[in-house]
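*Asks:* Have a look at this prediction, sequence included:
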Amino acid sequence: MENKVYALSSSYSLFKGEFNDIKYYLFNIEDGSIYRLNEVSYDMLALFDGKRDANKVFTLFNDMYQGEKDTMMIDFKNLLQTWLDKEILITGGE
Amino acid sequence: MYDAKAVENEFYFQWHFVVKCNLRCIHCYQNHYNTNELSREKMLFIAETMENTLKKWRKIGRISLTGGEPFTSKSNLVDLIEFFDNSEYFGRIGILTNGTLIDDSIAIKLARFGKLSEIQVSIDGSNARIHDQIRGTGSFLQAVNGIKLLKRYGFYVSIMFTLHKLNQNDVLNVIDLANELGVDAITIERVTPMSENDIEKLFISPENLHEIYNKIYHKKEKVEKNSDLKIRVSRPLWTLINEDIGGFCPVGFTSLCILHDGTILPCRRLEIPLGNIFSDGIYKIWYTSDVLWQIRNKKLLTGKCKECTLLQNCGGCRAIAYSVNGSYMAEDPQCWK
Ligand SMILES: C[S@@+](CC[C@H](N)C(=O)[O-])C[C@H]1O[C@@H](n2cnc3c(N)ncnc32)[C@H](O)[C@@H]1O
Ligand code: SF4
Ligand code: SF4
């Protein structure tokens, strides 16, 4: 995987809240769209802080979920690509 | 026609589009009354931002236009109502007024708006002595004449009675007055004290409030049997009188307040600025405000409210909790449970 740094686009805001159950959201604060996330997607998105590179994020993510590494890498890359395509994650950071 | 499903899908905006006022009521949450009004373009921007939000959320908007005193700015008032009346995203429109500046010519102009479903007039006492002590000399007569005039034009008129120490013994008489005037509904709302001085002068103890709410409820049972007047009891604390009434406040869930300069508050009485509609828009505030997320989370309530069995139908008033207890997640200081 490339050694790139990604961050959440400033058009988006991540939210995790503990109500009767835990709720995870991704909000587009410009066009108002609301996306309900699952825990895995939330945790992964939250790790892209604009400082860590994608490899580091994957290591942390893999530690969190302790799955089989190769399968996890495939899922990770797919999700990353989707978010990049949708411009939810953007290249670069601080 | 009242459509329960549409109401369930409503989002409420209270827009204080003007600060100017001809009165200076002693309990008023405003502390200044002279600021330039926004340009028409800016007002239109606010109205369109609300409209776009409703479209995105697939909600029906309900709007109350108020101030200050909305009738100090009649042409803006009429123009804004025209905008919302023509908007497919807005259902009901209301005006909240002190009733003192209403004449035939403005009533005629307003009568043509089909969505203008309620004009709320503030009455804080059943006679000039009590009302004028709070709202200023001559204001009782003017407000009562305003109500009569609005009723002649066939408007749905409600009375807002803001309850505090200075008028607590007069509330049942105001209900009688509402009936005599042929008013359609009355809301009795507790004052939110805005200072230590207000707390001392205006705040009613839980025990006294309990007694007053009991009396109002008994009166309601009688009055509603014999007339068309509705006494509204869908607010926090009423469920303590009867578990079938009361309600959780929509603040943070389905309502927002916008001030004359675009500042957004959770509620006019909960004076915590969340941002400004011009610089932040509505989405950013609605999705990212910590204050709103806390208010939405009943688990974060503290004090008596936290474990209360009546919570689903009450939750207390967050604004009064904030002004008296210093925290908007604290228990309601007037709860007698
Ligand atoms: C601010 S006024 C604006 C409309 C108009 N000027 C009027 O008096 O009705 C709207 C309502 O808020 C009420 N109000 C003002 N200050 C309040 C406070 N500190 N706590 C509770 N209600 C308050 C008024 O009595 C009035 O019924
Ligand atoms: S009339 Fe309304 S805005 Fe004016 S001072 Fe009284 S409560 Fe405040
Ligand atoms: S404790 Fe809180 S929720 Fe329960 S009745 Fe009192 S104010 Fe309402």
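*Replies:* Noted; the coordinates are in hand. Ligands and ions are numbered 1, 2, ... in the order given.
*Asks:* ok but residue B:96 is inside a strand, no?
*Replies:* Yes - with DSSP: H, G, I helix; E, B strand; the rest coil as the criterion, residue B:96 is part of a strand.
*Asks:* Is there a neighbour count for the nearest residue to it once chain neighbours are set aside? I'd like the number.
*Replies:* Closest residue to residue B:96 apart from its sequence neighbours, by Cβ to Cβ, 6 or more residues apart in numbering or on different chains: residue B:66 at 3.8 Å. Bear in mind the C-beta positions are built from the backbone N, C-alpha and C, glycine included. By other Cβ atoms under 10 Å in any protein chain shown, 21 other residues sit near residue B:66.
*Asks:* next one: residue B:119
*Replies:* 25.
*Asks:* surely it meets residue B:157?
*Replies:* Yes - with contact defined as Cβ atoms under 8 Å, residue B:119 reaches residue B:157; the gap is 5.4 Å.
*Asks:* check which helix or strand covers residue B:55.
*Replies:* Assigned by DSSP states H and E, residue B:55 falls within helix B:40-57.
*Asks:* how near is residue B:286 to ligand 2?
*Replies:* 26 Å (Cβ to the nearest ligand atom, to the nearest Å).
*Asks:* Residue B:27 now?
*Replies:* Distance from residue B:27 to ligand 2, counting by Cβ to the nearest ligand atom: 7 Å.
*Asks:* Contact partners for the closest residue to that residue other than its chain neighbours?
*Replies:* Closest residue to residue B:27 apart from its sequence neighbours, by Cβ to Cβ, 6+ apart: residue B:191 at 5.1 Å. Residues counted as contacts of residue B:191 (Cβ atoms under 8 Å, 6 or more residues apart in numbering or on different chains) are B:27, B:162, B:163, B:164, B:198, B:202, B:203.
*Asks:* In strands, which of the residues you listed appear?
*Replies:* Of the positions in the contacts of residue B:191, B:162, B:163 sit in strands, assigned by DSSP state E.
*Asks:* picking up where we left off before, could you name every residue contacting both of residue B:119 and residue B:157?
*Replies:* residue B:150.
*Asks:* Quick check: residues of the stretch 51-200 of chain B near ligand 1?
*Replies:* B:66-67, B:69, B:96-98, B:122, B:160, B:162, B:189, B:191-192, B:194 (Cβ under 6 Å from any ligand atom).
*Asks:* So which of those reach ligand 2?
*Replies:* Counting by Cβ under 6 Å from any ligand atom, the members of these near ligand 2 are B:67, B:69, B:98.
*Asks:* How about residue B:182: what's its closest non-neighbour residue?
*Replies:* Closest to residue B:182 by Cβ to Cβ, 6+ apart is residue B:151, at 5.2 Å.
*Asks:* Correct me if wrong: that neighbour contacts residue B:159.
*Replies:* No - under the criterion of Cβ under 8 Å, residue B:151 makes no contact with residue B:159, lying 11.6 Å away.
*Asks:* Which stretches in chain A count as helices?
*Replies:* A:39-47, A:54-65, A:69-85 (DSSP state H).
*Asks:* for residue A:22, what are its contacts?
*Replies:* A:16, A:39.
*Asks:* switch to 10 Å and redo it
*Replies:* A:16, A:39, A:42 (Cβ atoms under 10 Å, 6 or more residues apart in numbering or on different chains).
*Asks:* separation between it and residue A:62?
*Replies:* Here the criterion is Cβ to Cβ, to the nearest Å. By it, residue A:22 lies 22 Å from residue A:62.
*Asks:* and of the helices of chain A, who's closest to ligand 3?
*Replies:* Nearest of the helices of chain A to ligand 3, taken as Cβ to the nearest ligand atom: helix A:39-47 at 30.8 Å.
*Asks:* So which bits of chain A are right by ligand 2?
*Replies:* So chain A never meets ligand 2 (Cβ under 6 Å from any ligand atom).
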